[in-house]
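Participant: Let me see the structure of the following:
(2 chains)
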Amino acid sequence: DAGVIQSPRHEVTEMGQEVTLRCKPISGHNSLFWYRQTMMRGLELLIYFNNNVPIDDSGMPEDRFSAKMPNASFSTLKIQPSEPRDSAVYFCASSRRDRGWSETQYFGPGTRLLVL
Amino acid sequence: SQQGEEDPQALSIQEGENATMNCSYKTSINNLQWYRQNSGRGLVHLILIRSNEREKHSGRLRVTLDTSKKSSSLLITASRAADTASYFCAPGKDTDKLIFGTGTRLQVFP
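Facilitator: Below you'll find the model as predicted:
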């Protein structure tokens, strides 16, 4: 299996621009997680889906952030408009939720976002 | 949901030495996982220990779990420079999401 795939790997944009991050989970996994990692705040869970349905978006910092999962093999995280404080590494992870939320998660390589 | 707290925050050792990291948590769990993150990369799952297990091994890794003390330890034996990374614990409960702590930064000098 190719593992979790994220694109782009690097993104540099200017403040105010729209940014779209993409994720393809591992085939057969039914849960998907978006994280953000910074030196100051560590690894933060933004939102997670189960069977393509958002379960908990309480970690989404503000309305400028939105996430979708139109099917089992694709998810997007959109920031509009972007701000310099959104600069971070964004990770997508997937898991197979058989018994609960504590199943092993498989992380993608991350998207390094820099907003100027 | 609960976050594990790793200790120490940073650890520096020489190649060949053993590295021990600890994790504490506050409420009951179904399992506890350890992950590794190399600089600039995503987290990689190392090992999962269930609440009814006390010790588990995987290669040079040994994990213990003491549910009465709500703590776990990760031991890396005969460390290598390639073990340099951040290590995170994640106490898991089937009914709630995983929360990652700030991790232990391990530096192994050749």
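Participant: Flag the shaky bits of chain A, pLDDT-wise.
Facilitator: Counting by pLDDT under 70, chain A shows low-confidence ranges at A:1, A:99-101.
Participant: if we go to 90?
Facilitator: A:1-2, A:39-42, A:61-62, A:96-104 (pLDDT under 90).
Participant: Quick check: residues of it near chain B?
Facilitator: When proximity is defined as Cβ under 8 Å from any Cβ of the partner chain, chain A approaches chain B at A:4, A:42-43, A:45, A:48, A:56, A:89, A:91, A:93, A:99-110, A:112. C-beta: built from backbone N, CA, C; applies to glycine.
Participant: what about 10 Å?
Facilitator: A:3-4, A:6, A:31, A:33, A:35, A:37, A:41-45, A:48, A:55-56, A:58-59, A:89, A:91-93, A:95, A:97-110, A:112 (Cβ under 10 Å from any Cβ of the partner chain).
Participant: how far away is the residue sitting nearest the centre point of chain A from B:Leu75?
Facilitator: With distances taken as Cα atoms, centre = their mean, A:Trp34 lies nearest the centre of chain A, 2.9 Å away. Going from A:Trp34 to B:Leu75 by Cβ to Cβ, to the nearest Å gives 32 Å.
Participant: Give me the secondary structure label for A:Ala2.
Facilitator: coil (DSSP: H, G, I helix; E, B strand; the rest coil).
Participant: Is it correct that it is in contact with A:Ile26?
Facilitator: Yes. Between A:Ala2 and A:Ile26 there is a contact under Cβ atoms under 10 Å: 8.0 Å.
Participant: Let me see the ranges of the strands in the chain.
Facilitator: The chain I'm using is chain A. A:5-7, A:10-13, A:19-24, A:31-38, A:42-50, A:53-56, A:65-71, A:74-79, A:88-95, A:106-107, A:111-115 (DSSP state E).
Participant: that answer is for a different chain, and I need it for chain B
Facilitator: B:5-7, B:10-14, B:19-24, B:31-37, B:43-50, B:55-58, B:61-66, B:71-76, B:85-92, B:104-109.
Participant: Tell me which of those lies nearest to chain A.
Facilitator: strand B:85-92 (2.6 Å; Cβ to the nearest Cβ).
Participant: Any part of the closest one near chain A?
Facilitator: Yes. Using Cβ under 10 Å from any Cβ, we find that strand B:85-92 touches chain A at B:Ser86, B:Phe88, B:Ala90, B:Pro91, B:Gly92.
Participant: what is the fourth one paired to in the beta sheet?
Facilitator: Think B:Pro91. B:Leu32 (DSSP bridges).
Participant: Quick check: it vs B:Thr27, distance?
Facilitator: Taken as Cβ to Cβ, the span from B:Pro91 to B:Thr27 is 8 Å.
Participant: And these two? Which one has more around it.
Facilitator: Taking neighbours as other Cβ atoms under 10 Å in any protein chain shown, B:Pro91 and B:Thr27 compare with B:Pro91 leading, 29 against 10.
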